[in-house]
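K.L.:
Have a look at this prediction, sequence included:
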Amino acid sequence: MTSPLKLTPEELANEALRMQSKLAAGLETLREVDKFDYGVTQKQEVWRDGKTVLYRFVGPKAPTARVPILVSYALVNRPYMIDLQDNRSLVKGLLERGEDVYVLDWGYPDRSDRYLDLEDYVQRFIGGAIDHLRESHGVAAINLLGICQGGVLSLCYSALNPDKVRNLITMVTPVDFQTPDNMLSNWTRAMDVDLFVDTMGNVPADLMNWSYLMLKPFRLNLQKYVGMVDILDDAKAMEDFLRMEKWIFDSPDQAGEAFRQFIKQFYQGNGFINGGVKIGDEDVDLGFVDMPVLNIFAEQDHLVPPMASKAMQGLVGTRDYTELSFRGGHIGIYVSSRAQKEVPDTIHEWLRKR
């Protein structure tokens, strides 16, 4: 007689013993991985405005690139995802190829940052960092790499200040915020964001995290933890798993006014497509993005579906537009083993030709 799962009693008993052995080994494994590093590449603070800090990554050899790359990450997560660990680091890959890499760390907004708006993030923080790099490197324009929401902010900056951006690279960056397969957009379009922000002030990080996790509730809240049992006796695999968990839940609160503007102008107004994006008193027109653009997106991205990113091609003003897709999801595009070579190679070779 077999079970509904078509396992014999002997097989069920063996599976129970295997599970018991894994759980027992896990107690020792978790003691071994009590502390682990993340953000592995050495970096130096070179500029600061409030809580926003500009860091320069320091590799084992001096950079050969004359024009630096500034990475603008999303506001909703910490930027060390691009430098998560030694064998999963976009930063390390770029440094090995001679690039000079900087990153903006937005810090952790508190109540004193409640009224920071998109103009602060685009013109004050990104703009201030770019002006610092232009002066310190003696160049008229720098290379800008925007990731996810940081890509949206980078597009806005590039449209308003095209003479200060030599080349623009976007990764998993939404442009059309209302594609049919964008579940996050469907959730936020009917949201009373004024009531939400006026009530909450800053948006709590935990609320944002659980919203993202509920986009794939079975996969992100159950399946991955069931799968974790299989690696409980593997200290290295558990360390990698916990490092990723650390990043997922290490999220800043969102400055209330910037959140309000972002939801209204992009998710609800779809401003890049329909018009109406304003940074301060200035209108944003992607037609003024006339520098070379490399747009990289992930084929299995549930947060930024490919069509949401591919819409960029018909809106930017440049004739030098390159579009590349990579297999994987929103996070895998810069931490998967395949991406470790392909993504830095692509960025470096594209920049080298320009």
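P.N.:
Nice, thanks for sending it over. These numbers were taken from a predicted model, which means no experiment stands behind them.

K.L.:
Now do the same for residue 250: its pLDDT.
P.N.:
On pLDDT, residue 250 comes in at 87.

K.L.:
Please read the previous query as pertaining to residue 18.
P.N.:
Reported pLDDT for residue 18: 64.

K.L.:
which residues touch residue 240?
P.N.:
Counting by C-beta atoms under 8 Å, 6 or more residues apart in numbering, residue 240 touches residue 85. (Glycine included, C-beta is placed from N, CA and C.)

K.L.:
what about it, which SS state?
P.N.:
In terms of secondary structure, residue 240 is helix; the call rests on DSSP: H, G, I helix; E, B strand; the rest coil.

K.L.:
got the contact list for the host helix or strand of residue 310?
P.N.:
Per DSSP states H and E: residue 310 is located in helix 306-310. By C-beta under 8 Å, 6+ apart, the residues outside helix 306-310 that reach it are 170, 172-177, 179, 181-182, 295, 297-299, 301, 323, 325.

K.L.:
Now do the buried residues in it.
P.N.:
Within helix 306-310, the residues that qualify as buried by neighbour count (16 or more other C-beta atoms under 10 Å) are 306, 308-310.

K.L.:
Could you do stretch 98-108 as well?
P.N.:
So stretch 98-108, judged by 16+ other C-beta under 10 Å, has buried residues 99-106.

K.L.:
tell me how far the ends of it are from each other?
P.N.:
31 Å (C-alpha to C-alpha, to the nearest Å).

K.L.:
Outside of it itself, list whatever touches it.
P.N.:
Contact partners of stretch 98-108, identified using C-beta under 8 Å, 6+ apart, comprise 43, 46, 50-57, 61, 63-65, 67-73, 75, 78-79, 82, 91, 94-95, 121, 125-126, 129, 133, 137, 150, 252-253, 347-348, 351.

K.L.:
same thing with stretch 280-292?
P.N.:
Contact with stretch 280-292 is made by 117-119, 123, 141, 155-156, 158-160, 162, 165-168, 175, 271-272, 275, 277-278, 312, 315-318, 320-322, 354, as judged by C-beta under 8 Å, 6+ apart.

K.L.:
now do stretch 247-259
P.N.:
38, 75-78, 80-81, 84, 106-110, 113-118, 120-121, 193, 197, 200-206, 208-209.

K.L.:
Which of those residues fall within helices?
P.N.:
Filtering the contacts of stretch 247-259 for membership in helices, criterion DSSP state H, returns 118, 193, 197, 200, 205-206, 208-209.

K.L.:
how far does stretch 173-187 sit from the chain's center?
P.N.:
16 Å (C-alpha atoms, centre = their mean, to the nearest Å).

K.L.:
Same check on stretch 194-208?
P.N.:
The chain centre lies 21 Å from the centre of stretch 194-208; the measure is C-alpha atoms, centre = their mean.

K.L.:
residue ranges of the strands in the stretch 51-200 of the chain, please?
P.N.:
52-57, 69-72, 83-85, 88-89, 101-105, 142-147, 165-171 (DSSP state E, counting those that start in this stretch).

K.L.:
circling back: would you turn the buried residues of helix 306-310 into a markdown table with distance to residue 329 and pLDDT?
P.N.:
Formatted as a markdown table, these follow (distance: C-beta to C-beta, whole Å; pLDDT from 0 to 100):
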| residue | distance to residue 329 | pLDDT |
| --- | --- | --- |
| 306 | 11 | 94 |
| 308 | 14 | 96 |
| 309 | 13 | 97 |
| 310 | 16 | 97 |
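
K.L.:
returning to what we had before: between the strands of the stretch 51-200 of the chain, which gets nearest to residue 336?
P.N.:
strand 88-89 (8.0 Å; C-beta to C-beta).

K.L.:
what's next to the closest one, contact-wise?
P.N.:
Strand 88-89 is contacted from outside by 40-41, 82-83, 335-337, 340, using C-beta under 8 Å, 6+ apart.

K.L.:
for the stretch 251-354 of the chain, what spans make up the helices?
P.N.:
Remark: helices assigned in the stretch 251-354 of the chain by DSSP state H, counting those that start in this stretch are 256-262, 271-274, 306-310, 332-335, 339-352.
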